[in-house]
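**Student:** Below are the sequence and a predicted model; questions follow.
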Amino acid sequence: MQEPVETATESAPAHAGPWRIVLVDDHAMFRAGVRHELGDSDQVEVVGEGEDVDTAVQAILETQPDLVLLDVHLPGGGGAEVVRRVHAQQPERRFLALSVSDAAEDVIGVIRAGARGYVTKSIATPELLEAIDRVAGGDAVFSPRLAGFVLDAFSGSIDVAAVDEELDRLSPREREVMKLIARGYAYKEVAKELFISIKTVETHVSSVLRKLQLSNRHQLTKWATDRKLV
C-alpha cells in the first residue's frame, strides 16, 4: 500500500457533491475495475471514459469533468498528449496520472505537460479517493517515490530537457517497432519478433514517421541513434 503525498496546495472553494471524473486507460478491464472500486463511494462519479488519445480528448471536452484519471501510456501519443490537447482548449482541466510506470521520464513528462499529480496503480482505493479529492480540489499529489523525481527535476538533479517530448508521443508498441527498425530489422523480422502482422508493422512505422515528422527509415535510424535508443 502507498499513500499519496501532498506537495503543493491552492486555495479552492468548498465542493458540493461528488467529483465528476473521466477515466482514461487503454485496457477496458482496468477501467471496469476502477469503476467497480470507486462505485461504492459517494465522492466520485465517472462521467466518461477514453481508451486512446482521441477518445480521451473527446470525452473530456464533452463532459468537462472536475478531474481526469489518466494513464501515461496510451495509443495515439500518450497521456502527456491528452493533457496538452485538452489544456489548449480547457486550461482549467485537472489531471491525475494513474500508471503502472514509476519511471522518472514518465513522471516528469506528464507533469511537465500539465498534470497535477501522479500515483501508481498499486495504490489502495482509499488512498486513490484521497488523491482524487486533493487534486480535484487544487492540490498537487504524488506517491512518495514519485515526489522525489519531481523535486529532483526542480533541483536540477534530473535533466528535464533530457525527457524527450517527441519520444513521449509514441505508444509503447510504436517505441518497440521504432527501435527494431532503427536496428536494421526488416518488416518481416519485426513482425516475427513482436508476434504481429507485417501490415501492423507497416501501420506502426507510418505512425512513427508521421509523429516524429520524419520521411524514411534512414532518418528514423539517425533520430534513434542520436538519442542513444539503439
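**Tutor:** Happy to help now that I have it. Numbering: from 1, shown residues only.

**Student:** Let me see the ranges of the strands in the chain.
**Tutor:** For the chain, the strands defined by DSSP state E cover 5-8, 19-24, 44-50, 67-70, 95-99, 117-120, 140-142.

**Student:** want to throw those strands into CSV with mean pLDDT, distance to Leu214 and mean neighbour count?
**Tutor:** C-beta here means a position set from N, CA and C on the backbone, and glycine is covered the same way. CSV is the format used below for the strands of the chain (pLDDT from 0 to 100; distance: least, CB to CB, whole Å; neighbours: other CB atoms under 10 Å):
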stretch, mean pLDDT, distance to Leu214, mean neighbour count
strand 5-8, 48, 38, 15
strand 19-24, 96, 28, 24
strand 44-50, 95, 27, 20
strand 67-70, 96, 27, 27
strand 95-99, 93, 27, 25
strand 117-120, 89, 30, 26
strand 140-142, 86, 34, 25
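
**Student:** For those, give me TSV that also has distance to Arg210.
**Tutor:** What follows is those, written out as TSV (distance: least, CB to CB, whole Å):
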stretch	distance to Arg210
strand 5-8	37
strand 19-24	22
strand 44-50	21
strand 67-70	23
strand 95-99	25
strand 117-120	28
strand 140-142	33
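
**Student:** Now do the residue nearest to the spatial centre of the chain against Val34, distance only.
**Tutor:** Note on the chain: the residue nearest the mean C-alpha position is Val72, at 1.8 Å, using CA atoms, centre = their mean. Val72 sits 15 Å away from Val34, going by CB to CB, to the nearest Å.

**Student:** Hmm, Val110 is touching Gly117, no?
**Tutor:** No. Using CB atoms under 8 Å, Val110 makes no contact with Gly117, being 9.8 Å away.

**Student:** any common contacting residues for those two?
**Tutor:** 95, 97 (CB atoms under 8 Å, 6 or more residues apart in numbering).

**Student:** Okay, Arg169 and Arg175: tell me how far apart.
**Tutor:** Distance from Arg169 to Arg175, by CB to CB: 10 Å.

**Student:** When those two are compared, which one has more neighbours?
**Tutor:** Arg169 (20 against 16; other CB atoms under 10 Å).

**Student:** The more buried one against Leu74, yeah?
**Tutor:** No. Counting by CB under 8 Å, Arg169 stays clear of Leu74, with 10.6 Å between them.

**Student:** Quick check: neighbours shared by these two?
**Tutor:** Residues touching both Arg169 and Leu74 (CB under 8 Å, 6+ apart): Glu81.

**Student:** And the helices in this protein?
**Tutor:** Per DSSP state H, the chain carries helices over the ranges 28-39, 53-63, 79-89, 104-113, 125-136, 144-155, 165-168, 172-182, 187-194, 198-212, 217-226.

**Student:** Considering those helices, which stretch scores lowest in mean pLDDT?
**Tutor:** Confidence, taken as mean pLDDT, is least for helix 144-155 of the helices of the chain (a mean of 62).

**Student:** Out of the strands of the chain, which gets nearest to Asp226?
**Tutor:** When these are ranked by distance to Asp226, counting by CB to CB, first place goes to strand 95-99 at 27.1 Å.
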